[in-house]
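Trainee: Curious how this folds, go ahead:
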Amino acid sequence: MSSYSAEEPPAIEDILKDSAHSLTLFTAEEIASLVLFWKRGKPYLRCAASDKDRPARPEEIVRQLYIKRLIDRYEYPKDRIAVEKPVYFGSAVHVKAADIVISDKDDPDSAFIIVEVKKAKRSDGLEQLKSYCNAEGSPVGVWTNGGQVIYLHREEPNIFRSLTDIPTVRQTLSQLLEARWTLDDLIANNRLVRERMTLKGVILDMENLVLANAGVDAFEEVFKLIYAKLYDEWAATRGRGRYLEFRVGGATAREFYDRVDGLFQAAKRQWQGVFLEDEHIDLAPNHLLTCGSFLEDIKLFNSNLQIIDEAFEYLSTQVGKAKKGQYFTPRHVIDMCVKILHPTIYEYVIDTAAGSCGFTVHSIFHVWEEEFTANGPKAWQSEYARERVYGIDFDSRSVKIAKALNLIAGDGRTNVYRANSLDPREWSAEVKAALKNRLRRFSNSEQNRHNQEVYRYFDFDVAMTNPPFAGDLKDGRLLHQYDLARKPDGKWKPSVGRDVLFIERNLQFLKPGGRLAIVLPQGRFNNLTDDQIREYVDDQARVLAVVGLHANTFKPHTTTKTSVLFLQIWNDDERMGPLNPRRDDYEVFFAISDRPGKDNRGEYVYLTDEFGRPALDEHGHLIVDHDLDEIAREFIAFARRQNLTFQVSQQ
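Mentor: All right, here's what the predicted structure looks like:
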């Protein structure tokens, strides 16, 4: 029995309700133009190409919307558009039907464009589309699920690259390929905005088509391409009317390789310290051509870091970061921490387990009150990023990402170093030299001399970190540097959780009155066996806040429930730092996040408007649906009532 009411026309949203399709690719006007009606008690629509009635199933709705776009936007006549046209694979025995086929204007029996409408699984649909294009000799293929679209150019059998669009009826494929773009063209055609897609999705497409079989380190090569493309956009802002060079156009594979590798070399010169002097792009020219075609119409410099962050999150976890128990911190978690601790232009900030340096980069933007743009910072902004923001991480790839983001954002030198924050005995001479000026000075000469040797206590104003949770540390020489490695009877413990030592280590990095935000397993706040940790924290600092994060927050990497602990070091001497007189009785801000910004699979969840369409920010980007901004606002109001000095001055 039908669940639809015959009293009014069928509603598209009812039909799509339980399907994997969405219609975010299409405008509200395009969707409204699709007329549904009842026929034999079931929803139907009229095919825009054949004028036949077809059942209004979810996939059919997407197909008809795309046919209407082919007719209205690209101006293809109906007589060149075929629906469910048979595709023959070698013989009449192997026959399938392509969803939409546009015939060649000079040869009606040949396919010019093949469109495949699929559900959300990109890889299956792409392989099927490629097989259709190979079988029919079609030079252009389109894959769409209504929410995203991929345009492919079949240059020769089994060699495909991405197109920025498909030709209109008045445009040849060569004209489309050879069109040169300025930065304004890129902004107008940015696929991340136009198609509501993500850079992570683009990288997945590159992997499916090229990287999985290219015989290279995917992380390194994608990172090089992003670096080169960022430089191309950066340079375009400094040369009015300059054409973008990261464009495939009609270039041969070798020509495009030389052009992109030249951008990469220029980027290395502009933003030094990330890649080695003799490094080049290692992708083969034909593989680079395909990867470049997927990136060329993506604008990387952006109003926020979410676009690049999400891609680096994917790349980082692909190379085994999670095996160490360290998980990429979602940017809305970082933003909450930055807003709550409110670093200012005169304060020094550090992340002792920096990963890709989300905490430090977002601290920079918080102080700047600026966006992530290719225009570059002002002099005072560069000075702040260059002089007052530090990051440390032991993972070499994380350090590479962190250096790149900090260099590009700050447009200059960066203080990101590879080191084990927990064990300064192993620090290199470079790390020690870089952090020497941040060592705390003591009036006692012997104490001061010892600290200069062991690098234990520092004078940073703000520390924010998400340390690794996995594994206990058993190295006695390392453990003997920490009070939390002692039992209540004074004897040394045989092992201590890594995150426990990070609590103490971060407190050592802070000056009196300094502030800390640290992500911890929720058990540290309520396990009976962790009483000693809580007593230690209470002795060292005021607990400002505890924010319980939703179980989905760190999915798909882990289901560990976490909380963020916010502390401020006790301080009775305003000459040492912000006043925070020791108290035994005070109020603590508690909050629990109910909207984590992710679903049970760990996919980001985005806000929608009253009509169910994606809500967009002022730059046309999707907005993650979370409640951490609200929690930050509530804390700020709480802090002002409590007269916490670091927030009282915030407007």
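Trainee: Is residue 391 within a helix or a strand, and which one?
Mentor: Following DSSP states H and E, the helix or strand that holds residue 391 is strand 389-393.
Trainee: Give the other helices and strands that that strand contacts.
Mentor: Packed against strand 389-393, as judged by 3 or more CB pairs under 8 Å, 6 or more residues apart in numbering; DSSP states H and E, are the following elements: strand 349-351, helix 358-368, helix 396-410, strand 415-418, helix 429-435. No exception for glycine: its C-beta is placed from N, CA and C like everyone else's.
Trainee: gap between the last one and the chain center?
Mentor: Relative to its parent chain, helix 429-435 has a centroid offset of 30 Å by CA atoms, centre = their mean, to the nearest Å.
Trainee: Then the second one?
Mentor: From the chain centre to the centre of helix 358-368 is a distance of 16 Å (CA atoms, centre = their mean).
Trainee: ok, then the element right after it?
Mentor: Taking DSSP H and E as the definition, the helix or strand that follows helix 358-368 towards the C-terminus is helix 379-387.
Trainee: before we move on, what about the last one?
Mentor: The first helix or strand that comes after helix 429-435 along the chain, using DSSP H and E, is helix 445-454.
Trainee: Contacts for that next one, please.
Mentor: Contacting residues not belonging to helix 445-454 are listed as 424-425, 436, 439-442, 457, 481 [CB atoms under 8 Å, 6 or more residues apart in numbering].
Trainee: Give me the buried stretch members for that helix, please.
Mentor: If you call a residue buried by 16 or more other CB atoms under 10 Å, then helix 445-454 has these buried ones: residue 451.
Trainee: What is the next helix or strand after that helix packed up against?
Mentor: Following helix 445-454 in sequence order, the next helix or strand is strand 460-465 (DSSP H and E). Contacts defined by 3+ CB pairs under 8 Å, 6+ apart place strand 460-465 against helix 331-341, strand 349-351, helix 358-368, helix 498-509, strand 510-521.
Trainee: looking at these, which has the lowest confidence?
Mentor: Per-stretch averages of pLDDT across these put helix 358-368 at the bottom, with a mean of 86.
Trainee: that older thread, present the helices and strands packed on strand 460-465 as a markdown table; the columns should include mean neighbour count and distance to residue 251.
Mentor: A markdown table is the format used below for the helices and strands packed on strand 460-465 (neighbours: other CB atoms under 10 Å; distance: least, CB to CB, whole Å):
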| stretch | mean neighbour count | distance to residue 251 |
| --- | --- | --- |
| helix 331-341 | 25 | 35 |
| strand 349-351 | 28 | 41 |
| helix 358-368 | 25 | 34 |
| helix 498-509 | 22 | 49 |
| strand 510-521 | 24 | 46 |
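Trainee: For the stretch 401-550 of the chain, which residues score under the pLDDT cut-off?
Mentor: 407-413 (pLDDT under 70).
Trainee: what about 80?
Mentor: Judged by pLDDT under 80, the stretch 401-550 of the chain has its weakly predicted residues at 401-414, 469-471, 528.
Trainee: now swap in the stretch 201-350 of the chain and tell me
Mentor: Low-confidence segments of the stretch 201-350 of the chain, defined by pLDDT under 80, span residues 201, 207-216, 218-219, 239-241, 273, 301-328.
Trainee: Please enumerate the helices of it.
Mentor: With DSSP state H, counting those that start in this stretch as the criterion, the stretch 201-350 of the chain has helices at 218-236, 253-270, 285-295, 306-318, 331-341.
Trainee: out of these, which comes closest to residue 394?
Mentor: Between residue 394 and those, the shortest separation by CB to CB is 13.6 Å, and it involves helix 306-318.
Trainee: thinking again about what came up before, can you flag the buried ones in the contacts of helix 445-454?
Mentor: In terms of neighbour count (16+ other CB under 10 Å), the buried residues within the contacts of helix 445-454 are 424, 439-440, 457, 481.
Trainee: Now flag whichever of these is closest to residue 282.
Mentor: Distance from residue 282 was checked for each of the buried ones among the contacts of helix 445-454 by CB to CB. The minimum falls on residue 424, at 35.5 Å.
Trainee: ok, and the closest non-adjacent residue to the closest one?
Mentor: Nearest non-adjacent residue to residue 424, counting by CB to CB, 6 or more residues apart in numbering: residue 455, 3.8 Å away.
Trainee: how far away is the one you found from residue 437?
Mentor: Remark: distance between residue 455 and residue 437 (CB to CB, to the nearest Å) = 12 Å.
Trainee: Quickly list what residue 154 is bridged to.
Mentor: For residue 154, the beta-bridge partners under DSSP bridges are residue 160.
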